[in-house]
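1. Return atomic coordinates for the entry below.
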Amino acid sequence: MQSIENISSYNKIKPEYQKLIHQLLELAKAYFKNDFVAYYLLGSVGRG
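-> Residues are numbered from 1 along each chain as shown. The predicted structure follows:
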C-alpha cells in the first residue's frame, strides 16, 4: 500500500499568497457558516 505524505505548509506560502488565502477563508466561512468545517490547499503554492 502506498501512503500519501502532506508536504504542504502554511509557513511555506509566500506572504502575498497568505493574505489571499486568508481572505478566501473568511469569505468561505461567511458563505457556508456552520457547514464550513475544513479547507485544503493543493498544488505548488503550499509546497513553497
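
2. Report the secondary structure state of the residue most central in space within the chain.
-> When CA atoms, centre = their mean is applied to the chain, the residue found nearest the centroid is Leu41 (3.7 Å). Counting by DSSP: H, G, I helix; E, B strand; the rest coil, the backbone at Leu41 sits in coil.

3. just checking, it touches Ser9?
-> No - taking contacts as CB atoms under 8 Å, Leu41 lies outside contact range of Ser9: 9.6 Å. Backbone N, C-alpha and C define where each C-beta goes, glycine included.

4. how many other residues sit next to Ile13?
-> 18 (other CB atoms under 10 Å).

5. And Lys29, by the same measure?
-> 13.

6. Would you mind pointing out the helix or strand it falls in?
-> Lys29 is part of helix 15-32 when elements are defined by DSSP states H and E.

7. what mean pLDDT would you report for that helix?
-> Across helix 15-32, pLDDT averages out at 93.

8. and what of stretch 37-46?
-> 82.

9. Can you give the distance from that stretch to the centre of its chain?
-> Between the centre of stretch 37-46 and the centre of its chain there are 3 Å (CA atoms, centre = their mean, to the nearest Å).

10. Also stretch 36-48?
-> On CA atoms, centre = their mean, the centre of stretch 36-48 falls 3 Å from the chain's centre.

11. Check stretch 35-46 too.
-> 3 Å.

12. For Gln18, give me its contacts.
-> Taking CB atoms under 8 Å, 6 or more residues apart in numbering, we find Gln18 in contact with Tyr10.
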